[in-house]
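[1] sequence unknown, structure follows:
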């Protein structure tokens, strides 16, 4: 990353995905918005044109994540959908890409364990609220923290980085501790 603004791939052009993509574009981040539904992309394009914001629109995940530093999905907050998108993102995105998902119910530890990059997976909890938490499983890389901090910092959103409260009890009992870091 080294100081450059991160490139963001937003997967899903529904209301939440469009709003997140728009916030990123307004913050000056390079944004690629993907959706398999052409009508959703047309709706998003109309909104971005009306607001004078440039967002690249693509219809495949592969095109969206090709150069992404962060890939944020906006698929339904259910385990099957999240596992499917994480598996797809893990296969398609370059190794540098941080996989990021908003969820109020799921465990990032579980989702990350299904990828080849568990140290580059984070969950946003409280997105849109006043207490944004970035949750991670065991072993979040310093580069991933830096990348997510650059994205959220660019948006002007304060946040804390915390270990997933759902880390397996064995890890907690073995002394794995990651204090919350505020940004």
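    All right, it came through fine. Because the structure is predicted, anything quoted here is derived from the model rather than measured.

[2] now do the contacts for residue 78.
    For residue 78, the contact set (CB atoms under 8 Å, 6 or more residues apart in numbering) is empty. No exception for glycine: its C-beta is placed from N, CA and C like everyone else's.

[3] which secondary structure state is assigned to residue 162?
    strand (DSSP: H, G, I helix; E, B strand; the rest coil).

[4] all strands for the chain, in order.
    Taking DSSP state E to define them, one finds strands in the chain at 7-11, 30-34, 56-58, 70-73, 98-102, 121-125, 132-136, 159-163, 181-182.

[5] pick out the shakiest of the ones you listed, pLDDT-wise.
    Sorting the strands of the chain by mean pLDDT places strand 181-182 lowest, at a mean of 56.

[6] can you list the weak-confidence ranges in this protein?
    Applying pLDDT under 70 to the chain flags residues 1-3, 167-183.

[7] on that earlier part again, between the strands of the chain, which gets nearest to residue 145?
    strand 159-163 (6.1 Å; CB to CB).

[8] about what we covered before: can you put the strands of the chain in CSV and add mean neighbour count and distance to residue 91?
    Shown next, in CSV, are the strands of the chain (neighbours: other CB atoms under 10 Å; distance: least, CB to CB, whole Å):
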stretch, mean neighbour count, distance to residue 91
strand 7-11, 27, 13
strand 30-34, 24, 15
strand 56-58, 17, 17
strand 70-73, 26, 12
strand 98-102, 26, 11
strand 121-125, 25, 14
strand 132-136, 22, 21
strand 159-163, 19, 26
strand 181-182, 10, 30
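
[9] tabulate these (JSON lines), appending distance to residue 79.
    Compiled in JSON lines, those are given as follows (distance: least, CB to CB, whole Å):
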{"stretch": "strand 7-11", "distance to residue 79": "17"}
{"stretch": "strand 30-34", "distance to residue 79": "21"}
{"stretch": "strand 56-58", "distance to residue 79": "26"}
{"stretch": "strand 70-73", "distance to residue 79": "13"}
{"stretch": "strand 98-102", "distance to residue 79": "11"}
{"stretch": "strand 121-125", "distance to residue 79": "13"}
{"stretch": "strand 132-136", "distance to residue 79": "16"}
{"stretch": "strand 159-163", "distance to residue 79": "20"}
{"stretch": "strand 181-182", "distance to residue 79": "28"}
